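Trainee: Need a 3D model of the sequence below.
(chains A, B and C)
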Amino acid sequence: MTAATSLRTGPSTALLLTAGTLMLVGLALLPRFIVPYQTVLITYGLVMAIAALGFNLLLGYTGLLSFGHSAYFGAGAYAVAFIARDLGVHSMELCILGGLLGTLLVAALFGFVCVRHTRIFFGILTLALSQVLWSLAFKFFWVTGGTDGIRVDSAKLSLLGGLIDFKAAGSYQRFVISYYYYVLALFALATVVMWIIVHSPFGKALQAIRDNETRARFVGVRVTRYRWVAFMISGAFAGLAGILWVPLNGLTTPDILYWPFSGELVFMTVLGGFRTFSGPIVGAMVFNYLKTYAVASTEYWQMLLGTVLVLLILVLPAGIIGTLARLTARR
Amino acid sequence: MALLETIKLKRYFGDTRAVDNVDLTIAEREFVSLVGPNGAGKTSLINVISALLRPDSGRIMFMGRDITHASVTERVRAGIARSFQLVNVFDDLSSFDNVALAIFSREGKTAHLGALAHRDHAVGLEADKVLEQFGLAGKRAVIARDLAQGERKLLDVALAYALRPRLLFLDEPTSGVSTRDKGQIMDTIASVVRGEGITAVIVEHDMDVVFKYSDRIVVMAQGAILAQGTPDEIRANDQVAMVLLGTSGKDAFARKE
Amino acid sequence: MSSTILIIQLLNALFYAAVLFLIAAGLSLIYGVMRIVNLAHGSLYALGAYISAWAVGGAASAAALDQLGLAGMLLLLPVGAIAIALLGALIEPTLLRPFYRRPEEYHLLVTFGLLMILEDLMKFLFGGTPLNAGTIMDRMGSIGIGRLLYPTYNLFVIAIGLFAALGLWWFIYRTRFGVILRATSQDRRMASALGINVSRVYVEAFAIGCFMAGLGGAVVVPAQAAILGMGVEALVLAFVVVVIGGLGSLEGAFIGALIVSLVRTAGIQFFPEIELAVLYLIATAVLLVRPTGLFGRA
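Mentor: This next block holds a predicted model:
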């Protein structure tokens, strides 16, 4: 993929660090000033930001557009649902571990198959495989609950190895606040981890593969293998997002495995700017608000979002952060 | 022992004999020029040796090992590197990042996910040194896409060189470059290559360049080796002159003033 | 299973294959000529279905329909296809043309946005209740197969599918416009250098592709009601068809539609839980072993 210009799109590291720290502090203080509903909304945004961050490792840094990332988000979500329902495990940490394991298995398998191809065939392959999972969740209703899905009761969960639980009265408020900080911490961790990865020699190799696959080979980089690793990391991030999403949503259904959900993930990444590091984060948060308010204001929110997407691609293909970077660089 | 040896190497494209029974030997530290008219099979030969193409039959021996079926990355690790006729660099990375990547790859560091690239001072120093050797030090931070054509060509060569190969193939390193820059580019390449004793095989069309720098010249035509020898021997070879220039005689290769 | 039931299942599969072929052929044509994967293609099919159903089933009162007679109704049915073709002629210059020089990922995004818009457009225009043109099917009656009755309309659709396949083949390989289409799809710049108005070819090709999708919808709606979400579902199936048959190939769309339809019909009969999964896995397997599909070129 090529950017429209060859500017190093994206703010400098110092700027990112400052902005990031400020944002983190701001986010940490926020719950004091807003109603619980808004806190829940931001939590959703942070969860999707983790997914978008992971997704962009493949798109922005490795040059692979996956239209099937719903598979890994869903794998994480359903894994938690199964662990909670069938194994009776309610420790969030164990759910995360188990969920990540399940997601990694799926991502490793699907990724192994998909990375042998590029461009449109890669995209169709990812879509087809995610549909396999969707159809299984849809049809095997006696295991997955079919379209009704599986409920996961947040009141039964415990955070930090049982330190925080929600069995007492008035728990919902406590859950909202505690879970917010829990997700915020994991979001910060995920961001730092991803930042290190894309700035590592491995990350540089991925960008080289994105820019020129042939030359990357001729510099000694094992292209297919590296794509596979990137795929698994990307899937793991999406899976973590799905894992964190389930207690918030209280329910997991086949909808999150259905391919239009993958499309939403692409949408939010492009909205923020897929050629920047922070773009996907911003895009996910903005999309989250966009969708929530669209759904609240009109029955035809899909049309609204669709129009936004089309206009976005026509007018601002570099996304929010990408365009901002370009504007500030020109000065 | 020869560094590289091809034995009856063949690659056909239907009826076209791109590489026709080629027995080529390259000795260590040689500076060989591969010449011939368009379609002679020079690039195809390099493509087969560097694994971009699979041979139909024949063998390739490198440092005594049979690498006929080795993959691209295996050959790179064995010590064969190449540059490309149509510039092949990492367009969205800076010159520095381009070269640094080659070094990271060589050192096996590209597998490191947890370390920050710009903190690796050893790699950074070496990348800067390479850039300087190729006259690109001033363009360190420039994105490859924004470099001038001649600079991009040099970067292409620098990438291959940064791998510290035993054998370097350069496919028309001065093509597409203005005549004024050609000499400078070749001087740079030749001084780096000779200075470090790297074995080099260069595909070239400019006979002045070829005669000035080569230890040995290999002339190809229609997929096969027509003749090979020192510049003087080739200069005196009428058959070669005929194939390359369309005329022959002892002044065929003299520069027309 | 008795042979009568077998024949009926086979006919069902052929009916379904005819509809799939129409959708997939359009998708393949658009990709073959323009190298665009139209993610909104399924939604166009659905919109065509809705419009046709509305025209025949909804718009006219029962009395007016009686006056029209069966022939009239059948003539009215393709109105969905024509509407979609016109829509396509509008979409191509406005939404697709700006992206031809851009990486193909942008096409996917724009057509995905279009999908979202179309899905809600259908909800807006036709609401949540299913629409069908069942009167046509009733009017055409049934034919006896063994001791069972089978709707004549389904046979009619199978015939249309065949006719469309032959028609398209003739159009692409035997007409002058077809030659121009093939030339443009093989080498856009060369075609332009030869004096072909590539922009016009693109609009026309896209409109034809949309017409096929709309026709698929028009043709299915007397038998199956138009419902929300049918487009999204159809797109994935159309993808499976062109993956198996080969992107850009007419023969591929034909054979692919047959294969997918037969697998689906057999699947629903014998292994209903995994029939969809099997289909997607076949697509995956084909993509791995022979990514250009049975008949496609790279």
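
Trainee: The closest residue to A:Leu101 other than its chain neighbours is in what secondary structure piece?
Mentor: Nearest non-adjacent residue to A:Leu101, counting by Cβ to Cβ, 6 or more residues apart in numbering or on different chains: A:Ala79, 7.8 Å away. Using the backbone N, CA and C atoms, a C-beta is placed for each residue, glycine as well. Using DSSP states H and E, A:Ala79 maps to helix A:70-86.

Trainee: Contact residues of chain B facing chain A?
Mentor: Selection of chain B residues close to chain A by Cβ under 8 Å from any Cβ of the partner chain yields B:50, B:52, B:72-73, B:76-77, B:81-82, B:84, B:88-94, B:97, B:100-102, B:104-106, B:109-118, B:120, B:143, B:145-146, B:159-160, B:163.

Trainee: Which ones among the residues you listed map onto helices?
Mentor: The helices, defined by DSSP state H, take in B:72-73, B:76-77, B:97, B:100-102, B:104-106, B:159-160 from these.

Trainee: rewinding a little: what about the residue nearest to A:Leu101, how many residues nearby?
Mentor: Per other Cβ atoms under 10 Å in any protein chain shown, the neighbour tally for A:Ala79 reads 25.

Trainee: For it, list the residues it contacts.
Mentor: A:95, A:98-99, A:101-103, A:239, A:243 (Cβ atoms under 8 Å, 6 or more residues apart in numbering or on different chains).

Trainee: Which members of these are positioned in helices?
Mentor: Going by DSSP H, the helices hold A:95, A:98-99, A:101-103, A:239, A:243 from these.

Trainee: Residue of the stretch 201-331 of chain A closest to chain C, please.
Mentor: As assessed by Cβ to the nearest Cβ, chain C sits closest to A:Gly306 within the stretch 201-331 of chain A, at 2.9 Å.

Trainee: What residues does that residue make contact with?
Mentor: Neighbours of A:Gly306 in contact, by Cβ under 8 Å, 6+ apart: C:113-120.

Trainee: ditto for A:Leu133
Mentor: Counting by Cβ under 8 Å, 6+ apart, A:Leu133 touches A:71, A:74-75, A:106, A:257.

Trainee: Can you report phi and psi for it?
Mentor: Recorded main-chain torsions at A:Leu133 are phi -60, psi -40, according to degrees, to the nearest 10.

Trainee: Next one: it from A:Ala79, what distance?
Mentor: Distance, A:Leu133 to A:Ala79, by Cβ to Cβ, to the nearest Å: 12 Å.

Trainee: Please apply the same query to C:Trp169.
Mentor: 49 Å.

Trainee: repeat for B:Pro231
Mentor: Applying Cβ to Cβ, the value for B:Pro231 to A:Ala79 is 70 Å.

Trainee: which stretches of the chain form strands?
Mentor: Because you didn't say which chain, this covers chain A. A:150-151, A:158-159, A:164-165, A:251-252 (DSSP state E).

Trainee: could you do chain B instead?
Mentor: Listed in chain order (using DSSP E), the strands of chain B are B:4-13, B:16-26, B:31-35, B:57-62, B:65-66, B:80-82, B:167-171, B:199-203, B:216-221, B:224-229.

Trainee: Can you name the residues in contact with the fourth one?
Mentor: In this case it means strand B:57-62. B:2-10, B:21-22, B:48-49, B:66-68, B:75, B:78-80, B:167.

Trainee: count of neighbours near C:Leu166?
Mentor: 11.

Trainee: what's the neighbour count on residue 110?
Mentor: Since you didn't name a chain, this refers to chain A. Other residues close to A:Phe110 by other Cβ under 10 Å number 26.

Trainee: ah, I was thinking of chain C
Mentor: 26.

Trainee: list the helices and strands the helix or strand hosting it packs on?
Mentor: Element membership for C:Val110, per DSSP H and E: helix C:104-126. Judged by 3 or more Cβ pairs under 8 Å, 6 or more residues apart in numbering or on different chains; DSSP states H and E, helix C:104-126 is in contact with helix A:119-139, helix A:259-272, helix A:301-315, helix C:41-53, helix C:230-245.
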